[in-house]
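S.K.: Need the 3D shape of this:
(chains A and B)
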Amino acid sequence: MAKMTLEELRKLREAQKSEISKRETAGKEITIIVGMGTCGIAAGAKTTFDTLIKAVEAQGLSDKVVIKQTGCMGLCYVEPTVEVIVPGMPQTIYGKVDSATAEEIVKKHLVEHTLIEGHIYDRPAIDIVKK
Amino acid sequence: MHYTICDVVLDLVHNSIEADATLVELSLIEEDDTLIVIIKDNGKGMSKETLERVKDPFYTNGEKHKARKVGLGIPFLVQLAGQVQGTWNIESSQGIGTTVSFSLPKQHIDLPPVGDIPSCLLSAFCFSEHADIVVHRFRDGTQIYSVKRSELADAVGDLSDVQALLLAKQYLESLET
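M.R.: Predicted structure coming up:
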């Protein structure tokens, strides 16, 4: 692979944007948030993040989904964690999200609107020290 | 313990971002027998007392990070450097910033894999839009590329957009060749 320049990258992006009629992030309704704290990184959250990007693209959902990162969600024991927000469905945190589960989330939760059993966890209390 | 050196780097870059840095400079220097990483930020810095305590994996004030409750990045680095007979250093001044650097022998049998550098950089770039990150990559005494988050985001757009992320990854992978 030859080194790409920023100008080439910009042109590729512009070509892509005209293909998809300049769809903007603001109009996107589905949000996926990957926990990328120390615990998440140690458990393989980077791979989960990469898999989610590819899976969303493969399912043709790029124009509907925003993928973000956050720090620790307080569920270090079940990292990597992924929060999924889909209109009309409960806001859900999935734990132990390896590549296979990440693909399952995109296919089942985003496309089929079905929750994935065995991976759903509650958000813990956020306070550690009371001031 | 992190599985790859990239994971350690990502964790330390996150530390800089969460210390309110607006600029993080990351240098990845690969020499014949050594891997050197320098992470310099203009964040809030640390007092001498805090600087001494960050090496302790059991130290926390419960508000160490805005988003991350557990700060094990530096203890992991200390452990890694000790494990492979590498060196590490942290310099910090309150209100000025922090510089973390480490050097690891490439041939040490216990050295973890370097990991996927483009993936690591993409993750670092996506963590926050409030900090600009500049990466300088050197190999055998030559700078093979330099990439800046703001310029990349300017080229591909919002780094939470899936297609922008895929293009950015493709670009970063091309730089590594």
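S.K.: can I get the CA coordinates of the host helix or strand of A:A100 in CSV?
M.R.: In the assignment (DSSP states H and E), A:A100 maps to helix A:99-104. The C-alpha trace of helix A:99-104 is given here as CSV (Å, rounded to 0.1, in the frame of the first residue of the first chain):
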residue,chain,number,x,y,z
SER,A,99,-15.5,-9.4,18.2
ALA,A,100,-18.2,-12.1,17.8
THR,A,101,-20.5,-10.3,20.2
ALA,A,102,-19.9,-7.0,18.6
GLU,A,103,-21.0,-8.4,15.3
GLU,A,104,-24.1,-9.9,17.0
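S.K.: what's A:D50 in contact with, if anything?
M.R.: Counting by CB atoms under 8 Å, 6 or more residues apart in numbering or on different chains, A:D50 makes contact with B:S119, B:K169. The way it works is simple: take the backbone N, C-alpha and C, and place the C-beta from them, glycine included.
S.K.: In terms of pLDDT, where does it sit?
M.R.: Per-residue pLDDT puts A:D50 at 93.
S.K.: Tell me which stretches of chain A form strands.
M.R.: A:30-35, A:65-70, A:82-85, A:92-94, A:120-121 (DSSP state E).
S.K.: Now render those strands as CSV, adding mean neighbour count.
M.R.: What follows is these, written out as CSV (neighbours: other CB atoms under 10 Å in any protein chain shown):
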stretch, mean neighbour count
strand A:30-35, 22
strand A:65-70, 20
strand A:82-85, 20
strand A:92-94, 21
strand A:120-121, 14
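S.K.: For those strands, give me JSON lines that also has mean pLDDT.
M.R.: Below are the strands of chain A laid out as JSON lines (pLDDT from 0 to 100):
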{"stretch": "strand A:30-35", "mean pLDDT": "94"}
{"stretch": "strand A:65-70", "mean pLDDT": "92"}
{"stretch": "strand A:82-85", "mean pLDDT": "95"}
{"stretch": "strand A:92-94", "mean pLDDT": "95"}
{"stretch": "strand A:120-121", "mean pLDDT": "92"}
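S.K.: So for chain B, which of these sits nearest?
M.R.: Evaluated over the strands of chain A, closeness to chain B peaks at strand A:65-70, with 4.6 Å, by CB to the nearest CB.
S.K.: what angle do that closest one and strand A:30-35 make?
M.R.: Per axes from the mean of the first three to the mean of the last three CA atoms, to 10 degrees, the angle that strand A:65-70 makes with strand A:30-35 is 20 degrees.
S.K.: the bottom helix or strand of chain B by mean pLDDT?
M.R.: helix B:48-53 (a mean of 84; mean pLDDT, DSSP states H and E).
S.K.: Off-centre distance for that helix?
M.R.: Chain-centre distance of helix B:48-53: 20 Å, with CA atoms, centre = their mean, to the nearest Å.
S.K.: how about the closest residue in space to A:H113 that isn't next to it in sequence, what does it touch?
M.R.: Leaving aside its sequence neighbours, A:H113 sits nearest to A:M89 (CB to CB, 6 or more residues apart in numbering or on different chains; 6.0 Å). Counting by CB under 8 Å, 6+ apart, A:M89 makes contact with A:H109, A:H113, A:L115.
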